[in-house]
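> let me see the structure of the following:
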Amino acid sequence: MSGGRNGEIARGWEAVVATARRTAAEGLVVGTSGNVSLRVGDTVLVTPSGVPYDRLRPEDLTGVDPEGNQILGKLTPTSELPLHLAIYRNTDARAVVHTHAVHATAVSALVTEVPPIHYAAALLGGTVRVAPYARYGTPELAANMLAALRDRTGCLLANHGTVTHGTTLDQAYDRTAQLEWLCRVWLAASSVPGRTPALLTPDQLDAVTRALEDYGQR
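Numbers count the residues shown, from 1 in each chain. Model prediction:
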């Protein structure tokens with residue numbers, strides 16, 4: 001694969017593998033947990049099931065169509081394929097990152113929404129919801145996740161982990177990192193004996209959301 005459509009697919013797969021390896025290197029997953037995908041046209045490139053990320057090669061490219069039919073590669077796609085496809089069918093996302101980040105997973109077992117302890121929540125669209133538990137790889141989990149993602153770019157899966165999406169893999173990954181950090185901050189603050197963390201109000205979060213519209217470089 002060198003140019004044109006094939007080149008785009010090859011570069012996309014390289015980015016998927018690099019992002020998956022980054023989740024492992026930065027401690028957001030252990031072993032073969034978590035998964036990453038990127039939509040290139042009508043093809044969804046996705047990490048395969050049960051293969052350590054450091055062993056993935058260009059020839060291990062794995063891709064499906066929007067209905068989940070495998071059209072590229074021989075390795076079985078991730079068991080969380082329904083989760084990824086649900087996001088692509090219902091949002092304008094081009095990339096999805098799913099992890100088992102430690103602090104976020106811990107918080108997912110404690111609350112139904114991540115307490116808005118920092119304005120970083122606005123980077124995900126507002127207070128982050130926790131999708132009710134369902135077994136991994138099931139349509140039920142995908143449906144619970146979609147409800148939690150309404151008007152958001154990230155959510156927690158109860159007793160499971162994180163899901164974020166974006167227009168690029170870098171953006172989806174950055175949102176995952178922000179979500180893990182947000183959960184870590186709340187856990188740290190809430191662990192102080194005799195003290196209850198101050199939380200931001202919806203109006204305060206809305207103000208940050210508006211300010212973010214002009215944030216960064218043009």
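> C-alpha from now on. contacts and neighbour counts both.
Will do.
> run through this structure and note the low-pLDDT ranges.
Where the chain drops to pLDDT under 70, the residues are 1-3, 216-218.
> in it, which spans are strands?
Along the chain, counting by DSSP state E, strands occupy 35-40, 43-46, 63-64, 70-72, 95-99, 130-131, 154-157, 161-166.
> how close does D174 sit to R135?
26 Å (CA to CA, to the nearest Å).
> who has more neighbours, those two?
The residue with more neighbours, out of D174 and R135, is D174; 17 against 11, by other CA atoms under 10 Å.
> and L85, which of the strands of the chain is closest to it?
In terms of CA to CA, the element of the strands of the chain nearest to L85 is strand 43-46, at 8.2 Å.
> buried set for that closest one?
Buried residues in strand 43-46, counted by 16 or more other CA atoms under 10 Å: 43-46.
> what does stretch 8-26 give?
Using 16+ other CA under 10 Å as the test for burial, stretch 8-26 gives 9-10, 12-21, 23-24.
> skipping its backbone neighbours, what lies nearest V51 in space?
T32 (6.1 Å; CA to CA, 6 or more residues apart in numbering).
> farthest from the middle of this protein: give me that residue.
Centroid-distance maximum for the chain: G194 at 34.0 Å, with CA atoms, centre = their mean.
> against T105, how distant is it?
24 Å.
> again with R195
23 Å.
> give me the more crowded residue out of the two.
Taking R195 and T105 together and counting by other CA under 10 Å, T105 has the greater number of neighbours (20 against 9).
> report the contact partners of that one.
Contact analysis of T105 by CA atoms under 8 Å, 6 or more residues apart in numbering lists 156-162.
> return the distance of P77 relative to H100.
18 Å.
> follow-up on the earlier one: most tightly surrounded among the strands of the chain?
Scoring the strands of the chain by mean neighbour count under mean count of other CA atoms under 10 Å gives strand 154-157 as the most buried, with a mean of 31.
> coming back round to it: would you format the buried residues of strand 43-46 as CSV with distance to R210 included?
Below are the buried residues of strand 43-46 laid out as CSV (distance: CA to CA, whole Å):
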residue, distance to R210
T43, 34
V44, 32
L45, 34
V46, 34
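> tell me the one of those nearest R5?
Using CA to CA, the buried residues of strand 43-46 come closest to R5 at T43, 10.8 Å.
> pull out the buried residues from stretch 88-96.
88, 93-96.
> off-centre distance for that stretch?
11 Å (CA atoms, centre = their mean, to the nearest Å).
> and the end-to-end length of it?
Stretch 88-96: ends 9 Å apart by CA to CA.
> same question, stretch 152-164
Termini of stretch 152-164 sit 9 Å apart (CA to CA).
> what comes into contact with it?
By CA under 8 Å, 6+ apart, stretch 152-164 touches 96-102, 104-106, 108-109, 124-126, 128-133, 145, 148-149, 165-166, 172-173, 175-176, 179.
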